[in-house]
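Asks: Need coordinates for the following:
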Amino acid sequence: EMEKKNYVFGELFGDDPQKLVSYIPHCGELSLTVLHARPRQTTVKIPYQEKLIGDPLRGVVFGGVITTLLDQAGGIAVFCSLEELKAIATIDLRIDYVRPATPGRDLIGYAHCYRIARHVAFVRGGAYHDDPNDPFATFLSTYMMGGDWAPRGKRNESVEDKTP
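Replies: The predicted structure follows:
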């Protein structure tokens, strides 16, 4: 029998995956919800909203909304895989737009963290409306884990950071 790992997200957020994004103002503005979150996998949704339209003639959402959807999904998949609390930052995010998102339809993003190295995690996934096997966008991303996120002046004094 495999030993059950103690993942940090359960300790911090319990059974409410929405807590993973509730502190992020941008996610609130987009009404991003976490549909599913577990180690290495997540699914998130942004409901269609007129304020998110980037092409008024066709009613297609702005590409940055899809970028946010996928980046958040990827980051959550990594975060849910951690056994200890670490800072996460996007190193690279590549999106291939297969076709425009359908106007009037909610955007659903999924991510799978397929490899975790010492300081870098690798993720792939996509965005769809009804079927994850029929995405309108796919992505590959890498995330850095660790690092010092303490505000300036609050860092460990032994760190040689002399920048003003």
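Asks: all contacts plus neighbour counts: C-alpha atoms, from now on.
Replies: Fine.
Asks: Tell me the helix or strand right after the helix or strand in which residue 26 is found.
Replies: Using DSSP states H and E, residue 26 maps to helix 25-30. Next along the chain after helix 25-30, taking DSSP H and E as the criterion, comes strand 33-38.
Asks: hey, C-alpha coordinates of the helix holding residue 26 in CSV?
Replies: Taking C-alpha atoms only, helix 25-30 is exported to CSV below (Å, rounded to 0.1, in the frame of the first residue of the first chain):
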residue,chain,number,x,y,z
PRO,A,25,-8.6,40.1,-7.0
HIS,A,26,-8.1,39.4,-10.7
CYS,A,27,-9.8,36.0,-10.3
GLY,A,28,-12.7,37.7,-8.5
GLU,A,29,-13.1,40.2,-11.2
LEU,A,30,-13.3,37.4,-13.8
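Asks: Can you mark which positions in that helix are buried?
Replies: For helix 25-30, the neighbour count (16 or more other CA atoms under 10 Å) marks 27, 30 as buried.
Asks: Where does pLDDT dip in the protein?
Replies: Applying pLDDT under 70 to the chain flags residues 1-7, 9, 147-164.
Asks: can you give me the strands for it?
Replies: Counting by DSSP state E, the chain has strands at residues 33-38, 41-46, 53-55, 60-61, 88-97, 107-116, 120-128, 137-145.
Asks: any idea which residue sits dead centre in the protein?
Replies: residue 72 (1.8 Å; CA atoms, centre = their mean).
Asks: count of neighbours near residue 58?
Replies: As a burial measure, residue 58 scores 11 neighbours (other CA atoms under 10 Å).
Asks: do the one 3 residues further on as well
Replies: Residue 61 has 24 neighbouring residues, counting by other CA under 10 Å.
Asks: Show me what it is bridged to.
Replies: Residue 61 has the following beta-bridge partners by DSSP bridges: residue 53.
Asks: Pull the contacting residues for residue 145.
Replies: Contacts for residue 145 (CA atoms under 8 Å, 6 or more residues apart in numbering) come out as 86-89, 118-121.
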